[in-house]
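1. Sharing a model that was predicted from the sequence below.
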Amino acid sequence: MKQIILIGFCICSMHVFSQNLQLHYDFRHSIDPKRNSRNFPTIYFEYFKAQADTSSFIKPGSFFLKAETDLQGNYDNIGKAFIQVLQSFRFWKPKIYLTIQYSGGLGVTEPKQYSYYINNSFSVGSSYPFQWKGAYFSVALSYSHNTLKKPSNDGMFTLYWGKGFWNYKVEFSGDFELYTANKNQGDDFTKNLNGKRIIFFGEPQVWFNIRKGFALGSRALLYYHIITTENLFEVYPTVAVRIKF
């Protein structure tokens, strides 16, 4: 999901602008029909801009916007929507960036009374980009405030990576996120729980660039304590097309 953020963190001394539209088909029902009622398409839109370093006191870094829509409702209607906005900047010489971020969304279920919010999350932290053996990396540490019924204050570690092969005919990219959340979220279902839950999310991707601006690929969604509170590691791949413009 964040290969564009990764590249931007690593070359933010240049003027870079990119936006792309992705269409994925998620096979999670075919893989695990007991836990997933159906396969479904997902639409992504990503916008990224890295600004040049300037002589000004505050040096803007990367701006990133992502909108995700899962068409998992009845008759392929929207079942889940999610948005993420990120801005990085610095006002010191070392290229360690201060990053602020917002994310949130909602989901619709059948029956409707089980519909839910993807609660607002406000994050601030630092990121450090680097290159190693021809690949781009960025590590980030953040503090997040999650607006649950019982607000949760948590830490997050994120690793982004990306590498192109054969003059970027093939691209590997993705991210891993490890963070915490309150077991007690302030609702009746969790009110008797205590402590923190460790959560893991990953989305490694591969893209085959067929012609300029058009690619075919796949993404594997890795979940632990995200969809279910059971100690279960879930892996759901997709097939996808991507258009850059």
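-> Perfect, thanks for sending it.
2. residue ranges of the helices in this structure, please?
-> 3-10, 28-31 (DSSP state H).
3. Out of those helices, which gets the lowest mean score?
-> With a mean of 37, helix 3-10 has the lowest mean pLDDT of the helices of the chain.
4. wait, what's in contact with residue 78?
-> 69, 70, 71, 108 (CB atoms under 8 Å, 6 or more residues apart in numbering). Where C-beta positions appear, they are placed from N, C-alpha and C, glycine not excepted.
5. Make a PyMOL selection of the buried ones in these.
-> This is the PyMOL syntax for the buried subset of the contacts of residue 78, where burial follows 16 or more other CB atoms under 10 Å:
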select buried, resi 69+70+71+108
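6. of the contacts of residue 78, closest to residue 181?
-> Residue 181 lies nearest to residue 70 out of the contacts of residue 78, by CB to CB, at 21.1 Å.
7. how far away is that closest one from residue 133?
-> Counting by CB to CB, to the nearest Å, the gap from residue 70 to residue 133 is 36 Å.
8. what does residue 25 give?
-> In terms of CB to CB, residue 25 sits 33 Å off from residue 133.
9. which of these two has more neighbours?
-> residue 25 (15 against 5; other CB atoms under 10 Å).
10. who touches that one in this structure?
-> Here residue 25 is in contact with 39, 40, 41, 42, 238, 239, 240 (criterion: CB under 8 Å, 6+ apart).
11. all strands of the protein, in order?
-> 16-26, 40-50, 59-70, 80-90, 97-107, 116-132, 135-146, 152-165, 170-182, 196-202, 205-211, 214-224, 233-244 (DSSP state E).
12. List the neighbouring strands of the third one plus their orientation.
-> Same thing as strand 59-70. The pairing partners recorded for strand 59-70 under DSSP bridges are strand 40-50 (antiparallel), strand 80-90 (antiparallel).
13. quick one on the thing from earlier: looking at the contacts of residue 78, which is nearest residue 197?
-> The nearest one, if we look at the contacts of residue 78 relative to residue 197 and count by CB to CB, is residue 70, at 23.2 Å.
14. Would you check that the closest one makes contact with residue 80?
-> Yes: with contact defined as CB atoms under 8 Å, residue 70 counts as touching residue 80 (4.1 Å).
15. Would you format the strands of the chain as TSV with distance to residue 33 and mean pLDDT included?
-> Converted to TSV, those look like this (distance: least, CB to CB, whole Å; pLDDT from 0 to 100):
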stretch	distance to residue 33	mean pLDDT
strand 16-26	13	89
strand 40-50	13	91
strand 59-70	18	89
strand 80-90	19	93
strand 97-107	20	94
strand 116-132	22	91
strand 135-146	31	93
strand 152-165	32	93
strand 170-182	26	93
strand 196-202	22	95
strand 205-211	25	96
strand 214-224	16	96
strand 233-244	12	96
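16. I'd like to know which of these lies nearest to residue 190.
-> Short answer: strand 170-182, nearest of these by CB to CB, at 8.1 Å.
17. Could you list every helix and strand in contact with that closest one?
-> In terms of contacts (3 or more CB pairs under 8 Å, 6 or more residues apart in numbering; DSSP states H and E), strand 170-182 is packed against helix 3-10, strand 135-146, strand 152-165, strand 196-202, strand 205-211, strand 214-224.
18. redo that, cut-off 6 Å
-> On a contact count with 3 or more CB pairs under 6 Å, 6 or more residues apart in numbering; DSSP states H and E, strand 170-182 meets strand 152-165, strand 196-202, strand 205-211.
19. returning to what we had before: could you tell me which of the contacts of residue 25 count as buried?
-> Looks like those have 39, 40, 42, 238, 240 buried, using 16+ other CB under 10 Å.
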